[in-house]
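Student: From the sequence below, what's the structure:
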Amino acid sequence: MDRRSLIKHAGIAGVLATGAAPAVFAQASIRWRLASSFPKSLDTIYGGAEVFARAVKTMSNGRFDISVHAGGELMPAFGVVDAVQGGAVEMAHTVPYYFYGKSPAFALGSAIPFGFNSRQMSAWMQHGNGRKLMNEFYGGFSIVSFAGGNTGTQMGGWYLREIKSPGDFKGMKMRLGGGLVGEVMAKLGAIPQSIPGGEIYQALQKGTIDAAEWVGPYDDQKLGFHKVAPYYYYPGWWEGGPEVDFFINRKAFDSLSADYKVIVEAAAALAHSDMLAKYDALNPTALKQLVAAKTKVLPFSQAVMDASFKASMDVFAENDAKSPEWKKIYGDMRNFQRDQILWFRFAEARYDTFMSAQKI
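Tutor: Numbers count the residues shown, from 1 in each chain. Predicted structure coming up:
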């Protein structure tokens, strides 16, 4: 039974309920290790890997067991690509833009400033050229990828002082999620810092950094940022719809039976949709609690947004000139995004704008 037939006749829920197909039970038992880039305390983003692993185990009737390891447990949070590429672990759960330093093209697999929202990202990946182009690129690192979650549009971070104009970023030491946005912020005068999620609070508390971004209200509240930084800005224009990915060693994936490959794909799809739904469900309450705790939630000014957009476009042009892989994938992404913006402008944006002004 091929992938389409399996999902068509059973669906993900049906596959989970039945344990996939009888043919799976005849497969040899497999044990894999998954290295996460995230701390275990974040049940949302780290939890995506646990959702995946449970689904794989259930659908394989316990024969395909994947142990999940938090960032730093097996290797540093940002060392997971090297580990998967070298075969030290079979797979990882991470955000591709963490590895921008290896190649700018990594960022295109997750989020770039003023890029897709979450739905547009999924459309490009699943029904555009996104997954095909990214897996061609990841092939150079002996990796195959599957979507493993999305946070939705993120917040713009926590600051020790107000941001009223682009000039306020000058000299600011700011924790940022990837090298790409770091290059953009550097053009605005900031000093980018790369710090794993589990270490951000201490850096803010000690004054090692002046600002930090992570995800959004639910995660940020759990990490306690509101206790040490009073200003919370929005939107996170550098992450309109960041995809979290499962990276699997190419040789390990190719060694799987056809049944197990289908299970991996179905479990990844489940984890991907579950993460975004969980963030959307939990963020509103967390935001209200942050406001009640006297957090100052403020929008970036139009001047800040305009300056950030210009700086981003300058960095993208530089990447076009220096990275053929970036240029190829980025061009396809932007062509797809133009039509997405056109469509969303008519239905989604108009509806959301109207509803946000109503009292229900």
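Student: Go ahead and confirm residue 125 touches residue 145.
Tutor: No: the criterion here is CB atoms under 8 Å, and residue 125 misses it with residue 145 at 9.3 Å. Where C-beta positions appear, they are placed from N, C-alpha and C, glycine not excepted.
Student: between these two, who's got more neighbours?
Tutor: Each of residue 125 and residue 145 has its neighbours counted (other CB atoms under 10 Å); residue 125 has more, 23 against 20.
Student: who's in contact with the more buried one?
Tutor: Residues near residue 125 by CB atoms under 8 Å, 6 or more residues apart in numbering: 131, 134, 147, 243.
Student: Compare those residues and tell me which is most surrounded.
Tutor: Counting neighbours by other CB under 10 Å, residue 243 leads these with 28 neighbours.
Student: That one - nearest residue in space that isn't next to it in sequence?
Tutor: residue 110 (4.9 Å; CB to CB, 6 or more residues apart in numbering).
Student: Would you state the helices of this structure in chain order?
Tutor: Using DSSP state H, the helices found in the chain span residues 3-18, 22-25, 47-59, 80-86, 118-127, 130-138, 179-187, 200-206, 217-222, 250-254, 258-292, 302-322, 324-346, 348-356.
Student: buried residues in the fourth one?
Tutor: Right, the one you point to is helix 80-86. Of all the residues in helix 80-86, those buried under the rule 16 or more other CB atoms under 10 Å are 80, 81, 83, 84, 85.
Student: what's the overlap in contacts for residue 125 and residue 145?
Tutor: With CB under 8 Å, 6+ apart as the test, residue 125 and residue 145 both reach 131, 134.
Student: what's the neighbour count on residue 311?
Tutor: Residues near residue 311, counting by other CB under 10 Å, number 21.
Student: so what's it scoring on pLDDT?
Tutor: We have a pLDDT of 98 for residue 311.
Student: residue contacts, residue 82?
Tutor: 75, 88.
Student: oh, I was asking about residue 88
Tutor: Shown in contact with residue 88 (CB under 8 Å, 6+ apart): 74, 75, 82.
Student: Check residue 219 too.
Tutor: Residues near residue 219 by CB under 8 Å, 6+ apart: 42, 44, 45, 197.
Student: Check the burial of residue 101 by counting its neighbours.
Tutor: Count around residue 101 with other CB under 10 Å applied: 13.
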